[in-house]
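Novice: Return a 3D structure for these sequence lines:
(one chain, ligands or ions: 3)
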Amino acid sequence: MRTPPMRRGAARALSALAASLDPTTDGDQLTGLATRGTLMRHLQRLLERGEHPAILYVDLDDFKLVNDTLGHAAGDELLRHVAGEMARLLGPGDMIARQGGDEFALVLPSARDAGALAHRLRTAITAPVFVRGVQMQVGGSIGIAVAPGDGLDAGSLLEAADGAMYEAKASGRDQIRRAADSVSRDRQRDRAALTLTASLPAAISRDELRLHWQPIVEVDGLTIIGLEALVRWEHPERGLLYPGEFLPFAETSGMIHAVDEWVASAVTRQRVEWRTRGLDPYVGFNLSPQFARLPGSLGPLLERLTSGGLSLERVTVELTESVALREDRRLFSFLHGLADAGVTVSLDDFGRAYSSLDRLRDVPAKWIKLDRAFLDRVQADASATDVLFAILELVQALKLKLVVEGVENPEQLEVLRSHGALTGAQGYLLGRPAPAAALEQRLRESSPSRLQAPGALRLPAEADRSSLQPGQRQRERLGLDRLPLGG
Ligand code: C2E
Ligand code: MG
Ligand code: MG
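Specialist: Ligands and ions are numbered 1, 2, ... in the order given. The predicted structure follows:
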């Protein structure tokens with residue numbers, strides 16, 4: 001796993017800040033260790049002398065638990081203890097600093113002993129200790145970076161060590177990682193993904209791509225108001241692959257056009273098939289920004305979508321917000337061309353990119369699909385509901401329709417229903433992406449003639465449910481028991 005950009009950026013900014021501080025004020029008040037600023041200057045001096053220093057980045061595992069359960073005073077005591085234990089292991093010329101919180105960094109003038117020291121540090125950190133009469137044991141995740149391979153200046157070395165620590169943490173407690181290993185693993189992964197992508201054209205001609213369809217439902221009655229087509233690759237050796245595994249490289253290599261064309265044709269084929277079975281659902285599919293920006297791509301796309309005499313009235317094209325709202329003449333004319341032809345334009349992953357909302361007025365979008373991060377936050381933090389509702393108001397004021405993505409549990413659905421003005425929702429709770437055949441029954445139940453019967457998919461009135469478990473009662477009240485979930 002790579003270090004998220006924010007974290008790297010933040011590390012660099014903070015280290016630059018610390019390095020500029022007055023050295024006379026240095027010294028961590030809690031532990032008595034050096035501060036980040038002192039450590040960074042020490043590291044920089046070693047580099048300037050032509051040494052090959054190593055930096056170890058240490059982060060305690062589960063320290064937050066100590067703070068939360070035993071209080072901050074106990075947490076402080078534990079930090080002082082661990083700091084002392086680590087300091088005891090230092091040799092001449094080594095330096096340790098507290099980076100802040102439960103993070104520490106050590107600099108060694110030579111990389112030679114870094115691995116052995118990391119193991120001794122881990123043993124020292126994980127030894128059981130009594131704090132306020134309670135026996136505790138924390139773990140430590142350690143990242144190691146060495147000059148010059150992992151960085152030529154103090155900032156980039158710290159960043160590399162921090163990244164390696166982050167990867168250590170991601171792979172479980174008490175792990176040690178070398179920055180070089182993380183980089184080479186990244187490279188290996190990239191190479192494997194590239195090889196996979198290179199075989200995409202052959203896969204298309206061997207007919208290995210599939211569409212799965214995920215329902216978009218109306219939040220009150222849970223009837224299907226649309227389906228989103230999501231591409232999958234049925235790989236002969238690796239099994240079913242998801243877009244995240246083969247689209248990113250396809251996008252950078254230009255192979256995405258072939259995928260987008262395949263998807264448009266497959267959507268049309270499926271619509272024709274549905275039509276012969278008396279079904280005509282609203283369908284949406286995703287297009288890559290690369291496709292949208294390609295001169296001359298619109299005409300052939302519209303032709304594909306209307307072959308077999310289909311109308312465009314029930315077709316939605318989803319384009320990710322970060323791109324669709326960019327000032328981009330080609331994209332702009334593509335989107336207007338789509339809208340003029342009668343296709344509904346939908347802005348996908350809305351809110352992920354912090355685009356300028358001003359641009360919303362210029363783009364002919366009718367639908368907004370709110371990124372699932374918003375719902376994730378609602379669970380963790382009640383004030384996030386206010387943000388969600390504010391977005392709902394905004395979208396309404398702009399006369400747009402909104403689909404909230406990523407509804408995974410009944411609590412989230414209830415929050416959405418409590419607003420009362422939401423158009424649609426999508427998520428594992430309401431239906432996982434599945435092959436068309438698996439959705440046919442639900443589609444029939446949601447087709448317009450059925451919907452005319454009031455409450456077609458609604459629950460029977462709450463009868464005697466006192467024997468049901470609370471969770472079951474909630475599922476029933478929300479109408480979820482009527483959904484054939486899974487797939
Ligand atoms: P997207 O268009 O935002 O699609 C929604 C993604 O969220 C899908 O992932 C879907 O399976 C997943 N999802 C749906 N409900 C939930 C939920 O409740 N929880 C969670 N955690 N995830 C949920 P998928 O199929 O892996 O697709 C990922 C992305 O790949 C899509 O995001 C879209 O940007 C892209 N993509 C998918 N199909 C195509 C395609 O045919 N062409 C192009 N160009 N891009 C595609
Ligand atoms: Mg989408
Ligand atoms: Mg989306």
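
Novice: Quick one: the helices in the stretch 251-400 of the chain, in order.
Specialist: 256-276, 289-293, 298-306, 321-324, 329-340, 373-380, 383-397 (DSSP state H, counting those that start in this stretch).

Novice: Kindly reformat the ones you listed as a markdown table containing mean pLDDT and distance to ligand 1.
Specialist: Where you see a C-beta, it was placed from the backbone N, CA and C, and this is true even at glycine. Compiled in a markdown table, these are given as follows (pLDDT from 0 to 100; distance: least, CB to the nearest ligand atom, whole Å):
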| stretch | mean pLDDT | distance to ligand 1 |
| --- | --- | --- |
| helix 256-276 | 97 | 4 |
| helix 289-293 | 92 | 7 |
| helix 298-306 | 97 | 12 |
| helix 321-324 | 80 | 10 |
| helix 329-340 | 94 | 14 |
| helix 373-380 | 82 | 8 |
| helix 383-397 | 86 | 15 |
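
Novice: Those helices: which one's closest to residue 111?
Specialist: Closest approach to residue 111 among the helices of the stretch 251-400 of the chain is made by helix 373-380 (39.7 Å; CB to CB).

Novice: For the spatially closest residue to residue 378 that is not a sequence neighbour, list the residues it contacts.
Specialist: In space, and not counting its chain neighbours, residue 378 is closest to residue 384: 4.7 Å by CB to CB, 6 or more residues apart in numbering. Taking CB atoms under 8 Å, 6 or more residues apart in numbering, we find residue 384 in contact with 374, 377-378.

Novice: picking that back up, with distance to ligand 3 as extra columns, can I get the helices of the stretch 251-400 of the chain in TSV?
Specialist: Output for those, formatted as TSV (distance: least, CB to the ion, whole Å):
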stretch	distance to ligand 3
helix 256-276	15
helix 289-293	14
helix 298-306	20
helix 321-324	9
helix 329-340	17
helix 373-380	11
helix 383-397	15
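
Novice: most packed of these?
Specialist: helix 321-324 (a mean of 23; mean count of other CB atoms under 10 Å).

Novice: which residues sit against that one?
Specialist: Outside helix 321-324, the residues touching it (CB under 8 Å, 6+ apart) are 289, 292, 331, 335, 345, 347-353, 355, 363, 365, 368.

Novice: and it, how far from the chain's centre?
Specialist: 17 Å (CA atoms, centre = their mean, to the nearest Å).

Novice: and the closest residue to residue 428 other than its chain neighbours, backbone torsions?
Specialist: Of all residues not flanking residue 428 in the chain, residue 408 sits nearest, at 5.2 Å (CB to CB, 6+ apart). The phi/psi pair for residue 408 (degrees, to the nearest 10) reads phi -110, psi -20.

Novice: which ones are touching residue 408?
Specialist: Contacts of residue 408 by CB under 8 Å, 6+ apart are 375, 427-429.

Novice: center of this structure - which residue?
Specialist: Here the mean C-alpha position of the chain is nearest to the C-alpha of residue 373 (CA atoms, centre = their mean), at a distance of 7.8 Å.

Novice: wait, that residue sits on residue 379?
Specialist: No: assessed by CB atoms under 8 Å, residue 373 is found out of contact with residue 379, at 11.2 Å.

Novice: picking up where we left off before, mind putting the helices of the stretch 251-400 of the chain into CSV with distance to residue 418?
Specialist: Formatted as CSV, these follow (distance: least, CB to CB, whole Å):
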stretch, distance to residue 418
helix 256-276, 34
helix 289-293, 35
helix 298-306, 37
helix 321-324, 25
helix 329-340, 33
helix 373-380, 11
helix 383-397, 9
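
Novice: Compare the ones you listed and give me the one nearest residue 30.
Specialist: Of the helices of the stretch 251-400 of the chain, nearest to residue 30 by CB to CB is helix 373-380, at 28.4 Å.

Novice: How far does the closest one sit from its chain's centre?
Specialist: For helix 373-380, the distance to the chain centre is 12 Å (CA atoms, centre = their mean).

Novice: Stretch 76-93 too?
Specialist: For stretch 76-93, the separation from the chain centroid amounts to 36 Å (computed by CA atoms, centre = their mean).

Novice: what's the strand or helix carrying residue 193 in contact with?
Specialist: Assessed by DSSP states H and E, residue 193 sits inside helix 179-198. With CB under 8 Å, 6+ apart as the test, helix 179-198 has contacts from 2, 143-146, 149-150, 160-161, 163-164, 167, 241, 245-246, 248-250, 253, 255.

Novice: Likewise for stretch 299-306?
Specialist: By CB under 8 Å, 6+ apart, the list of residues contacting stretch 299-306 reads 261, 264-265, 267-268, 291, 312, 315, 338, 341, 343.

Novice: again, only using 10 Å
Specialist: The contact list for stretch 299-306 (CB atoms under 10 Å, 6 or more residues apart in numbering) reads 260-269, 271, 283, 285, 287, 291-292, 294, 310-312, 315, 317, 334, 337-338, 341-343.

Novice: In three-state terms, how would residue 425 be classified?
Specialist: strand (DSSP: H, G, I helix; E, B strand; the rest coil).

Novice: Check residue 404 too.
Specialist: strand.

Novice: What residues does the stretch 301-450 of the chain have near ligand 3?
Specialist: Counting by CB under 5 Å from the ion, the stretch 301-450 of the chain comes close to ligand 3 at 348-349, 369, 405.

Novice: try 8 Å this time
Specialist: By the rule CB under 8 Å from the ion, the part of the stretch 301-450 of the chain lying against ligand 3 is 318, 320, 348-349, 369, 371-372, 405, 426.

Novice: among the residues you listed, which two are most distant?
Specialist: So, these by CB to CB: farthest apart are 320 and 426, at 15.3 Å.
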